[in-house]
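In: My questions concern the predicted model and sequence given below.
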Amino acid sequence: MNGAAPGRASASALTTQIGNLNVTARNGPVCYTPPVNSPSRAAAAAAGSPGQAPGAAPAAVPQADGLGGVLGGVAAVGNAQYVAAMPPPPPQQQQPGSGISAIFRNATSTLLEVGEPRVCSLPLAGAASMGAPAVVVRHDGFVRRDRLWRGAGLALPVFAARTRHSVGVGEFLDLIPLVDFASASGMRMVQVLPVNDTCVYNMWWDSYPYSTLSVHALHPQYLALRATVDDIEGASMPPDISAEIENARVQLDGPDVDYEGTMATKKRLCRKIFDAVGHKTLQTQAYKDWFAASEHWVVPYAAFSFLRDLFGTAEHWRWGVMAKPSQQLLQDLTSPDKEWHSSILCCYWVQYQLHRQLRQVSEYAASKRVVLKGDLPIGVDKRSVDTWMEPHLFRMDKSTGSPPDFFDPNGQNWGFPTYNWEAMAEDDYLWWRRRLGHLSQYFHAYRIDHILGFCRIWEIPGDCATGMLGYFRPSIPITAKDLEVRGMSGPGVLERLTEPYVTKALLKKLFGPELALEVSARYFIEGEGPGGYRFRPEYYSEKVLWELKERPGSPDWLVEEIAKTRKGLLTLRQNLILVRDPEDPQRLYPRFGLMGTSSYKELPDAGWRSALSQLHDDYFYKRHDALWRSHALKTLPAIMAASDMLICGEDLGFVPNCLPPVMQELGLIGLRIQRMPTGPGIEFNNPATYSYLSVASPSCHDVSPLRQW
């Protein structure tokens, strides 16, 4: 909680904004709003704010009347209202250093925080009799309750929550008995993996929950078919369809999830239910209200899904004239006079039923004082509705990933386009506000996947398959002048530093004498390049090298040889010191871990090696803190303001120094993994040492699970 107490000020109001605080000084007292994401939101949501169920809509917030007092933010204290401003003390008692306790009130109760009154002096500019305005803001923690709230919860994918009613996978309504289990065992949170539609390829690859086809649409696999006609008065499921649902439940109830079988079955049965009974839902007022609120996303989603199936691919840049959507195109595709219109309506209906069922779970969890926590993927698939409709918000020729680390020495390339934050800022982050507002219909809290991406992202050129040749965005590049002042100038210097360094000796080392001759002849131009060999243009791309494969039915020796060739060629392609920016060749970035490359080790000048090592360490560990802090303080408050959900950031991996203090200032909760120690020389973290603003988990997907300890 950010505190300020009454002091002397002039009669005219002075308002200032510091961070995300709006502070007003008038007639002595100071009114302030604490951070939106105060951790007491979690306490109020799970433990129950007085008279308020978790997830309940906040009541109207009265305006401060200027008489003074300390005001608590709605989201910061679990949807409590602002307290009415308190009358100021008599003038003779308005001394610098006087204090006040924070009071929060909702419709039925009042909460007075514990502890000593907060004290903050307001120094005057000039003589005390002048009463010059001044504001002092002091960060002294958050709302002080009678005790620090802690709670336990469980996390799992929805598809893993199978019950005896599930068809193929766990469904939204299967979360209701899970909530009952959590409540009965004293747990206060159920966290799920992302639930958005991921049907990009229409195959088992789509089971990966972090590659979204739409940031609004829910995944059809989670639909409980048995409950899709409950919203139609007097209707019931036709007996023959009920029998098919039961038969599908039995057939798909295996030890492993049959994703493709489940999706094919549910798609077929959804259409059958819609044609028989479900179409009547479209006449209900509840559906009409939902459609009016959702039209901006569900119409493009239905049109995209139709075109994906028509063309047999979600790669919308291959759709000819339909690659660039317009309102006229959307109207034409979804027009009632088209022969496929019933398929469009069925798509709307499926999304409405998914919405209705997940809302039911959310409201039930709130009634049991259990927080339902969602998951926000850091990226969207390149083959998505969002990149089709608003390509200007994404850098489509780049990919998101992470730099090399202990878990993956080549780094990671997730394949998602990076965000064009400059374009997003132009409409005050409308895309994010809509995305988070939509998510808040269902969840009381959410996890930000890879919150580091809101400081900076590891951006990878589009022709790369790994994460090795990426660079940070935003970042401060190395320039030719930086090299020149360190003695690196002259003909051929930039080529030596930025091109793959390939020598005859290195070819023999990687491939052996015999295979080296074949590899050099096929993939390289001899007599060119810094080391005497230059990649042929058709093999310069990492993606091309990555996709080198043997023919089906090849003998084992050939399979091994091609695997060895592919690995060696990728090593050579990455054997450089500086990476050129694809958009501006004058902007250079150090290749991660460049000191380990033979290109670096074979530089003849020790001074060059020392200077390049320093530039590497400066780029990765020092020079960007101010830039990344500034970027985070633009992007994170924008998404925090989009909803009153509690935010938990996944802050693991290569964490910049600026991120922990930014998260602390904004009241964002971090993630601590016991099996992923944060200090040197230890095998396990000690949860007793975690800060209060932490989600504690024994393991994650990067480390061994609890059973293997």
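Out: Thanks, I have it. Residues are numbered from 1 along each chain as shown.

In: host element of the residue nearest to residue 454 when sequence neighbours are not counted?
Out: In space, and not counting its chain neighbours, residue 454 is closest to residue 635: 4.5 Å by C-beta to C-beta, 6 or more residues apart in numbering. (C-beta placed from N, C-alpha, C; glycine too.) For residue 635, the host element (DSSP states H and E) is helix 625-640.

In: Which is the succeeding secondary structure element to that helix?
Out: strand 646-649.

In: That following strand - contacts with which helices or strands?
Out: Contacts defined by 3 or more C-beta pairs under 8 Å, 6 or more residues apart in numbering; DSSP states H and E place strand 646-649 against strand 371-376, strand 445-448, strand 670-673.

In: Okay, now the unreliable bits of the stretch 301-450 of the chain?
Out: By pLDDT under 70, the stretch 301-450 of the chain has no low-scoring segment.

In: please redo it, this time with the cut-off set to 90
Out: Filtered on pLDDT under 90, the stretch 301-450 of the chain yields the residue ranges 405-408.

In: what are the ranges of the strands in the stretch 251-400 of the chain?
Out: 371-376, 394-395, 398-402 (DSSP state E, counting those that start in this stretch).

In: so which of those gets nearest residue 296?
Out: strand 394-395 (18.2 Å; C-beta to C-beta).

In: ok, so what distance separates residue 459 from residue 592?
Out: 13 Å (C-beta to C-beta, to the nearest Å).

In: just residue 650 next, same as before
Out: Residue 650 is 21 Å from residue 592, where distance means C-beta to C-beta.

In: The residue nearest to residue 454 contacts residue 428, doesn't it?
Out: No. In terms of C-beta atoms under 8 Å, residue 635 does not count as a neighbour of residue 428; the distance is 11.9 Å.

In: Can you show me the helices along the stretch 151-300 of the chain?
Out: Counting by DSSP state H, counting those that start in this stretch, the stretch 151-300 of the chain has these helices, from start to end: 175-184, 239-251, 259-276, 285-311.

In: now these in a markdown table, with distance to residue 522 and mean neighbour count?
Out: Output for the helices of the stretch 151-300 of the chain, formatted as a markdown table (distance: least, C-beta to C-beta, whole Å; neighbours: other C-beta atoms under 10 Å):
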| stretch | distance to residue 522 | mean neighbour count |
| --- | --- | --- |
| helix 175-184 | 55 | 18 |
| helix 239-251 | 50 | 14 |
| helix 259-276 | 38 | 18 |
| helix 285-311 | 35 | 17 |
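
In: Compare the ones you listed and give me the one nearest residue 403.
Out: Comparing the helices of the stretch 151-300 of the chain under C-beta to C-beta, the one sitting nearest is helix 259-276, at 31.3 Å.

In: Give me the distance from that closest one to the chain's centre.
Out: 30 Å (C-alpha atoms, centre = their mean, to the nearest Å).

In: can you check stretch 474-488 too?
Out: On C-alpha atoms, centre = their mean, the centre of stretch 474-488 falls 33 Å from the chain's centre.

In: can you check stretch 220-231 too?
Out: Centroid displacement of stretch 220-231 relative to its chain, using C-alpha atoms, centre = their mean, is 28 Å.

In: Using CSV, please lay out the helices of the stretch 151-300 of the chain together with distance to residue 674.
Out: What follows is these, written out as CSV (distance: least, C-beta to C-beta, whole Å):
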stretch, distance to residue 674
helix 175-184, 21
helix 239-251, 38
helix 259-276, 31
helix 285-311, 39
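
In: among these, which is nearest residue 690?
Out: helix 175-184 (21.9 Å).

In: Which residues does the closest one contact?
Out: Helix 175-184 has contacts (C-beta atoms under 8 Å, 6 or more residues apart in numbering) with 153-154, 158, 161, 163, 187-190, 192, 360-361, 364-365, 368-370, 372.

In: one step back: what about the residue nearest to residue 454, how many neighbours?
Out: The local packing of residue 635 (other C-beta atoms under 10 Å) involves 18 other residues.

In: change the start of the numbering to 308 and stick with it
Out: Shifting the count to begin at 308 puts that one at residue 942.

In: quick one: contacts for it?
Out: Per C-beta under 8 Å, 6+ apart, neighbours of residue 942: 728, 736, 761.

In: Over to residue 861?
Out: Applying C-beta under 8 Å, 6+ apart, we find residue 861 in contact with residue 869.

In: Assumed it was part of a strand.
Out: No. Going by DSSP: H, G, I helix; E, B strand; the rest coil, the assignment for residue 861 is coil, not a strand.
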